[in-house]
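Colleague: here's a sequence, model it:
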Amino acid sequence: MQTIRGRIRIKRGKTMKYFGTDGFRGRANDNLRVEHALKIGQFLGWYYGQRVGKTARCVIGKDTRRSSYMFEYGLSAGLTSTGAEVNLLHVTTTPSVSYIVRADKFDFGIMITASHNPYHDNGIKVINSSGYKMEEEVLEKIEEYIDGKVEIPFSFDNVGRCTDYFQGRNKYISYLSSIPLHSLRGYKIGLDCANGAAFNIAKTVFDMLGADTYVINNTPNGTNINVNCGSTHIEALQNLVKGNDLDVGFAFDGDADRCFCVDERGEVVDGDAIMYIGANYLKERGNLVDNTVVVTVMSNLGLLNALKDQGIKTVITDVGDKYISQEIQDHGYSIGGEQSGHVIFDKYATTGDGILTAIIMADILVERKCVFSNLSRGLTILPQKLKNISVPDKNAVMNAPEVKKFSEELNQRLDGSGRLLLRKSGTEPVVRIMVEAKTLADCDKYIEETEQFINNIVF
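Modeller: Predicted coordinates:
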């Protein structure tokens, strides 16, 4: 890890049975079922009713998966059965739920989504009254209720109701359109909505800002979310930008909390490059708190080097947007994010917001009066490769002194021109080998060397 230029803060939460770093996620009707949604709703309606001493108020959003309707109804039934007042945003983005919870002073919010996963997966994210992911102690109590370890009372005199809340989504759209300093009139902008939650918001916002918008993958049918489109399949947007001579394109994932850009040449601008552009812009305006950007261990060494050259410090966390978010909350930093395009601009949002990120990038483009590719000048991304290897005991591998020594020595050999990073999977008997080096051939060489070393050790 010596080649990483920044302060390293690795914070890991407890391992829970159902809720991971991104909510309760699983295959719909398999390990995530409607009875789970019902019980989550029952507990939250009762718990917050007790906590606030009055009827609990919540807001629910969902993405375009077919199963999202099932979970919406299950959650609503559970919540109203224990007295909560439920407000339905219907199809909307994860960051919009986070915004509306804060703006309209709801006790909590719920988003039904599996983000960039295939349509047959789904998930339930619980958001607290401040717009952040729900505290772990509350999630632990939900898990206890799901497993039948606690009981809650039910009463006919304590039944809530469920109403539509379309005005919440409209309020979010108005908020987004108020953020940029410049009109986008005269700019040709492409949007790939991934057949997901952004399909009925992104174009509306960019049209309001005056852009000439070109939109693809905005016809969800319940099963085509993320299918060969969006930020995980950027080729569709690259073809759109190049084929129509657009100034820039933006691709979102299923719940629109991530964004990738495509410049005027058709080249991909990922989360690392977005953070580089955003951090430099904030620094020039005197708005980069403590001259610091929060990144994860997976951010490219090229980004860390380029930020250092600009006089910008980095704080490095474990992988996961919740660790980025916590670091920003704890220290008041302005910006942080992941290579995957999940970027938090703290002045405007409590979570990553793909459409917000796109707006900010477009606003910077207009102010700079240049082509989009010039915004990342000074950033050289090193070739990076990742390989997963199956091992008998991932903890034994990661804790082995000889493995730690090997990693340190290889990083010393690379001497700042690259790095080796070893991580264990959270769910599989797998160790992930990530190498950055001057060339892809060098990446392959060091990955093979590392894999052979690990396989030759008897655990």
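Colleague: drop to CA atoms for contacts and neighbour counts, all remaining ones
Modeller: Will do.
Colleague: center of this protein, which residue is that?
Modeller: Centroid-nearest residue in the chain: His342, 4.0 Å away (criterion: C-alpha atoms, centre = their mean).
Colleague: who's in contact with that one?
Modeller: 257-259, 271, 321, 352-354 (C-alpha atoms under 8 Å, 6 or more residues apart in numbering).
Colleague: for Asn87, see how far away it is.
Modeller: Remark: distance between His342 and Asn87 (C-alpha to C-alpha, to the nearest Å) = 27 Å.
Colleague: just the ones of the contacts of His342 in helices?
Modeller: Taking DSSP state H, the ones among the contacts of His342 that sit in helices are 271, 321, 354.
Colleague: just the buried ones from the contacts of His342?
Modeller: Among the contacts of His342, the ones that count as buried by 16 or more other C-alpha atoms under 10 Å are 257-259, 271, 321, 352-354.
Colleague: what stretches of the protein score poorly on pLDDT?
Modeller: Counting by pLDDT under 70, the low-confidence segments of the chain come to 1-6, 8-14, 427, 458-459.
Colleague: kindly recompute the last result at 80.
Modeller: Flagging of the chain using pLDDT under 80 yields the residue ranges 1-15, 426-427, 458-459.
Colleague: could I get the full set of helices for it?
Modeller: Going by DSSP H, the chain shows helices at 34-52, 67-81, 94-103, 136-146, 166-177, 202-208, 235-244, 271-284, 301-309, 321-331, 354-368, 394-399, 401-414, 440-455.
Colleague: just name the most buried of these.
Modeller: Burial of the helices of the chain is given as mean neighbour count (mean count of other C-alpha atoms under 10 Å); helix 94-103 ranks first at a mean of 25.
Colleague: got the contact list for Met70?
Modeller: By C-alpha under 8 Å, 6+ apart, the neighbours of Met70 are Val34.
Colleague: out of the contacts of His342, which comes closest to Asn217?
Modeller: Cys259 (14.6 Å; C-alpha to C-alpha).
Colleague: can you name the residues bridging to that closest one?
Modeller: Going by DSSP bridges, Cys259 is paired in beta bridges with Phe252.
Colleague: ok, now which ones touch it?
Modeller: Per C-alpha under 8 Å, 6+ apart, neighbours of Cys259: 231, 250-253, 270-271, 340-343, 353-355, 357-358.
Colleague: so how far is Met361 from it?
Modeller: Taken as C-alpha to C-alpha, the span from Cys259 to Met361 is 10 Å.
Colleague: next one: Phe199
Modeller: 19 Å.
Colleague: any idea how this protein splits into domains?
Modeller: Following automatic domain parsing, the chain resolves into domains at 14-168, 384-455.
Colleague: adding distance to Tyr214, write those out as a markdown table.
Modeller: Compiled in a markdown table, the domains of the chain are given as follows (distance: least, C-alpha to C-alpha, whole Å):
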| stretch | distance to Tyr214 |
| --- | --- |
| domain 14-168 | 20 |
| domain 384-455 | 32 |
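Colleague: now for the ones you listed, which one comes closest to Val366?
Modeller: Here domain 14-168 is closest among these (C-alpha to C-alpha), at 24.5 Å.
Colleague: so the nearest residue to Val126 once chain neighbours are set aside bridges to which residues?
Modeller: Nearest non-adjacent residue to Val126, counting by C-alpha to C-alpha, 6 or more residues apart in numbering: Ile110, 4.6 Å away. Counting by DSSP bridges, Ile110 is bridged to Ile60, Val126.
Colleague: who's in contact with Ile110?
Modeller: 58-61, 97, 124-127.
Colleague: pull the most distant pair out of those.
Modeller: Farthest pair in the contacts of Ile110, by C-alpha to C-alpha: Cys58 and Ile124, 14.0 Å.
Colleague: quick one: neighbours of Phe318, just the number.
Modeller: If you look again at residue 318, you'll see it is Asp, not Phe. By the criterion of other C-alpha atoms under 10 Å, Asp318 has 18 neighbours.
Colleague: for Ile152, which of the helices of the chain is the nearest?
Modeller: With C-alpha to C-alpha as the yardstick, what comes closest out of those is helix 34-52 (7.2 Å).
Colleague: show me what the closest one is packed against.
Modeller: helix 67-81, helix 136-146 (3 or more C-alpha pairs under 8 Å, 6 or more residues apart in numbering; DSSP states H and E).
Colleague: if we go to 6 Å?
Modeller: helix 67-81 (3 or more C-alpha pairs under 6 Å, 6 or more residues apart in numbering; DSSP states H and E).
Colleague: next, the angle from the helix it packs on to helix 34-52.
Modeller: Per axes from the mean of the first three to the mean of the last three C-alpha atoms, to 10 degrees, the angle that helix 67-81 makes with helix 34-52 is 40 degrees.
Colleague: with just CA atoms, put helix 67-81 into PDB.
Modeller: Provided in PDB are the C-alpha atoms of helix 67-81 (Å, rounded to 0.1, in the frame of the first residue of the first chain):
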ATOM      1  CA  SER A  67     -40.800  -7.000  -9.100                       C
ATOM      2  CA  SER A  68     -40.600  -3.400  -7.700                       C
ATOM      3  CA  TYR A  69     -44.400  -3.200  -7.700                       C
ATOM      4  CA  MET A  70     -44.700  -6.300  -5.600                       C
ATOM      5  CA  PHE A  71     -42.200  -5.000  -3.000                       C
ATOM      6  CA  GLU A  72     -43.900  -1.600  -3.100                       C
ATOM      7  CA  TYR A  73     -47.200  -3.200  -2.200                       C
ATOM      8  CA  GLY A  74     -45.700  -5.400   0.400                       C
ATOM      9  CA  LEU A  75     -43.900  -2.500   2.100                       C
ATOM     10  CA  SER A  76     -47.000  -0.300   2.000                       C
ATOM     11  CA  ALA A  77     -49.100  -3.100   3.500                       C
ATOM     12  CA  GLY A  78     -46.600  -3.600   6.300                       C
ATOM     13  CA  LEU A  79     -46.200   0.100   7.000                       C
ATOM     14  CA  THR A  80     -49.900   0.900   7.100                       C
ATOM     15  CA  SER A  81     -50.700  -2.100   9.300                       C
END
